[in-house]
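Engineer: Give me coordinates for this.
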Amino acid sequence: MSTADVGTVDVLIVGGGPVGLTAALLLADRGATVELWERHPEPYPLPRAVALTHESARVLRSAGLGLDRPGLLEAWGTDGQRFYLEDADRNLLLESSNSLQSISGGPEMFAFSQPDLECDLVEAAEAHPGIDIRRGISFVGYVESEEYVTATGEAHDGIAPLPDRAGRAINARYLVGCDGAASTVCDLLAPEFTNHQFEHDWFVVDVLPKDPTAFERDGIQHLDPARPTTLISGGPGRFRWEFMILPGDDDTDFTDRDTAWKLLAPWGVTPEVGEVERQARYTFRARTAVQWRQGRVFLAGDAAHQTPPFLGQGFNGGVRDAANLAWRLSVALGSSEPARLEPLLDAYGSERRTQFEEILAVTVMLGQMICITDPVAAAERNERLARRSGDVRPARADWAVGAGTHRAGDPGAGVLSHHGMVSDGERTARFDELVGTGFVLIGRDADSFAALSGSVAMQWQILGGVSAHFGADGLADLDGVYQSWFDDIGASAVLVRPDFYVYGSASSSAEVPSLVEDFLDELNIQSIHKGKQS
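Structural biologist: Sure thing, here's the model as predicted:
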């Protein structure tokens, strides 16, 4: 099929789960036309991911989701909740805490039910004029030319192809594979994977309690070598148990609802007190694609990486991918010389792979400790942990990106920007809601931008850049977080990317023009789709 025989869009996204939907919304909000293919006729109705980071919440809000409707999110750390490691006799070994105040301005981590959140994403995407969702289409392959990826798909019912129905073909400037761990896009790209030597089978059971107040609200890692077990909130009104499958277990048992009830019974969970909403067997793996891009084709989410769930970072890694990639593609789509943007597009993989692998290293280390089934080794582990049982260890909530589109050696670069409460004298809100999202230049005071003028200022405006400062004639820093931030990194101003990571900082107003100019040089553009502004 020739490129002249089919339609054209800016971006084709394969996979209509949360990562694909988030990427679609972020791209369409910046003016891109997006087509999304999903082989299943309806969103998956049962729980999967249950942990949402503050960073992901910020990204999703920037994509248009309110996240404030009752029953959607439940903050970790509220109402006496904690997360702790215990031995087989339920003695406390080590306690971890999640703060209710993150760099994004809210709780560091939330529990949620993926079907509920996914419904909101689908609703937002279906309502967006820049997004065309095609359900019942399974991606088959593509041919790349100098200008396009010509992709083909076949009709599918979510289980098998439908040869008697018409498929689909489209030209796309870029293609993004968000089609999960069994990604067809990834199979075609065939990238090398780094295997982090972790693979264990677990049995996951989601429970709807008849009386949620009767269940333990704490997150628990039960370190019993006879059956390592995890208990965690599955979102408001839901709870999850994860049971390690042991070498001597009969594999056929883990397709049986009776096995779920047998494993839940020691925890006081019976058919009289709750309903098993879902049971599923998972193989927890740790691996990362070495190459996340080939030409006009990109990988995101589980198509690019898989992680065990012990830090709750799998879903959130995919949201980070979507945010990091979307603004780069929007720049490329708006550029008059896209060939000059190769370094910008390659930096997606270098930034995210490094960041993900740092998170993965911690996850694997924790997983190796949790999955000990030898009683002697477990006793030695417990003894080591018990020496620190009086400590409450704060859970890590933020990671810097790897080398890429930010100033090397800059003390403020490559990390998340703050998202504090501010006021313009009439309204009070979080910074993003009051100032806007996109490319943002934040100044300590009005003098921060005194030297920004001429062609640099004009190019910043063409980029759709937003500028805001604090002080008597600017915003009020209600929590003092911006003043502290500027003091910590010795900055007069910071330049923030649309994914909320800092490109770089200027130590004085005189350095602001060079900060902006350096950023514009990295983008190599003269025009771009403008970001949202409020």
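
Engineer: Tell me who's in contact with residue 148.
Structural biologist: Contact analysis of residue 148 by CB atoms under 8 Å, 6 or more residues apart in numbering lists 3, 8, 171, 172, 173, 296. C-betas here are computed from N, CA, C, even on glycine.

Engineer: Tell me which residues touch the fourth one, please.
Structural biologist: Right, the one you point to is residue 172. 8, 9, 10, 11, 12, 35, 148, 149, 150, 151, 296.

Engineer: In a helix, residue 426, correct?
Structural biologist: No - with DSSP: H, G, I helix; E, B strand; the rest coil as the criterion, residue 426 is assigned coil and is not in a helix.

Engineer: Now do the phi/psi pair for it.
Structural biologist: phi -120, psi -40 (degrees, to the nearest 10).

Engineer: Out of the contacts of residue 148, which comes closest to residue 333?
Structural biologist: residue 173 (6.2 Å; CB to CB).

Engineer: circling back to that earlier point, closest one to residue 499 out of the contacts of residue 172, please.
Structural biologist: residue 11 (16.3 Å).

Engineer: Starting from the helix or strand harbouring that closest one, tell me which strands it pairs with and how they run.
Structural biologist: Per DSSP states H and E: residue 11 is located in strand 7-14. Sheet pairing of strand 7-14 (DSSP bridges) gives strand 34-38 (parallel), strand 168-177 (parallel).

Engineer: Filter the contacts of residue 172 down to just the buried residues.
Structural biologist: The neighbour count (16 or more other CB atoms under 10 Å) marks 9, 10, 11, 12, 35, 148, 149, 150, 151, 296 as buried among the contacts of residue 172.

Engineer: which one is the fourth one nearest to, not counting chain neighbours?
Structural biologist: In this structure, residue 12 finds its nearest non-sequential neighbour in residue 172, 3.7 Å apart by CB to CB, 6 or more residues apart in numbering.

Engineer: what pairs with that neighbour across the strands?
Structural biologist: residue 9, residue 149.

Engineer: gap between the helix or strand bottoming out on mean pLDDT in the chain and the chain center?
Structural biologist: Here the helix or strand of the chain ranked lowest by mean pLDDT, DSSP states H and E is strand 392-394, holding a mean of 79. Here strand 392-394 is found 24 Å from its chain centre; the criterion is CA atoms, centre = their mean, to the nearest Å.

Engineer: what's that strand in contact with?
Structural biologist: Residues outside strand 392-394 that contact it (CB under 8 Å, 6+ apart) are 94, 95, 96, 97, 98, 99.

Engineer: Including pLDDT, could those go into a markdown table?
Structural biologist: Shown next, in a markdown table, are those (pLDDT from 0 to 100):
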| residue | pLDDT |
| --- | --- |
| 94 | 90 |
| 95 | 88 |
| 96 | 86 |
| 97 | 84 |
| 98 | 85 |
| 99 | 88 |
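
Engineer: which of the residues you listed lies closest to residue 45?
Structural biologist: Taking the contacts of strand 392-394 together and measuring to residue 45 by CB to CB, the closest member is residue 98, at 28.3 Å.

Engineer: residue contacts, the closest one?
Structural biologist: 76, 77, 83, 107, 108, 109, 394, 395, 397.

Engineer: Let me know the closest of these to residue 288.
Structural biologist: residue 397 (21.2 Å).

Engineer: What's the separation between residue 355 and residue 94?
Structural biologist: Counting by CB to CB, to the nearest Å, the gap between residue 355 and residue 94 amounts to 26 Å.

Engineer: Over to residue 275?
Structural biologist: From residue 275 to residue 94 the distance is 32 Å (CB to CB).

Engineer: For those two, indicate the residue with more neighbours.
Structural biologist: When residue 275 and residue 94 are compared for neighbours, residue 94 comes out ahead with 21 against 11, by other CB atoms under 10 Å.

Engineer: sorry, back to before: name the residues of the next helix-or-strand element following the least confident helix or strand of the chain that are buried.
Structural biologist: Note on strand 392-394: by DSSP H and E, the next helix or strand toward the C-terminus is strand 421-423. The neighbour-count check on strand 421-423 (16+ other CB under 10 Å) flags 421, 422 as buried.

Engineer: can you check stretch 426-433 too?
Structural biologist: Buried-residue list, stretch 426-433, by 16+ other CB under 10 Å: 430, 431, 432, 433.

Engineer: Relative to residue 331, which of the residues you listed is nearest.
Structural biologist: residue 432 (19.8 Å).

Engineer: Give the phi and psi angles for that closest one, as a check.
Structural biologist: The phi/psi pair for residue 432 (degrees, to the nearest 10) is phi -60, psi -40.

Engineer: Against which helices or strands is the host helix or strand of residue 240 packed?
Structural biologist: Element membership for residue 240, per DSSP H and E: strand 239-244. Judged by 3 or more CB pairs under 8 Å, 6 or more residues apart in numbering; DSSP states H and E, strand 239-244 is in contact with strand 193-209, strand 229-233, helix 257-264.

Engineer: quick check: angle from the shortest one to strand 239-244?
Structural biologist: Taking axes from the mean of the first three to the mean of the last three CA atoms, to 10 degrees, one finds strand 229-233 and strand 239-244 inclined to each other by 160 degrees.

Engineer: what's the average pLDDT for the strand holding residue 11?
Structural biologist: Mean pLDDT, computed over strand 7-14, is 97.

Engineer: Kindly export it (C-alpha atoms) in CSV.
Structural biologist: Taking C-alpha atoms only, strand 7-14 is exported to CSV below (Å, rounded to 0.1, in the frame of the first residue of the first chain):
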residue,chain,number,x,y,z
GLY,A,7,-4.5,9.3,5.6
THR,A,8,-1.9,11.2,7.7
VAL,A,9,-1.5,12.1,11.3
ASP,A,10,1.3,13.6,13.3
VAL,A,11,1.6,10.6,15.8
LEU,A,12,0.2,7.1,15.8
ILE,A,13,0.1,5.5,19.3
VAL,A,14,-0.2,1.8,19.5
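
Engineer: Which pLDDT value belongs to residue 213?
Structural biologist: 80.

Engineer: Just give me the neighbour total for it.
Structural biologist: Neighbours of residue 213 (other CB under 10 Å): 6.

Engineer: thinking residue 27 is in contact with residue 10, fair?
Structural biologist: Yes - between residue 27 and residue 10 a contact is recorded at 7.3 Å, counting by CB atoms under 8 Å.

Engineer: Could you save the contacts of residue 148 as CSV and add columns showing distance to residue 390?
Structural biologist: Listed next are the contacts of residue 148 as CSV, based on distance: CB to CB, whole Å:
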residue, distance to residue 390
3, 67
8, 63
171, 62
172, 57
173, 57
296, 55
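
Engineer: could you dump the strand or helix carrying residue 521 to CSV, C-alpha only?
Structural biologist: Using DSSP H and E, residue 521 sits in helix 512-523. The C-alpha trace of helix 512-523 is given here as CSV (Å, rounded to 0.1, in the frame of the first residue of the first chain):
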residue,chain,number,x,y,z
VAL,A,512,19.1,34.6,32.0
PRO,A,513,19.5,35.4,28.3
SER,A,514,22.2,32.8,27.9
LEU,A,515,20.1,30.2,29.8
VAL,A,516,17.2,30.7,27.4
GLU,A,517,19.5,30.9,24.4
ASP,A,518,21.2,27.7,25.3
PHE,A,519,17.9,26.0,25.5
LEU,A,520,16.7,27.4,22.2
ASP,A,521,19.9,26.2,20.6
GLU,A,522,19.3,22.7,21.9
LEU,A,523,15.8,22.7,20.3
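
Engineer: Could you pull out the buried residues of that helix?
Structural biologist: So, applying 16+ other CB under 10 Å, buried residues of helix 512-523: 512, 513, 515, 516, 519, 520, 522, 523.

Engineer: try stretch 61-74
Structural biologist: Neighbour-count burial for stretch 61-74 [16+ other CB under 10 Å]: 61, 62, 63, 64, 65, 67, 72, 73, 74.
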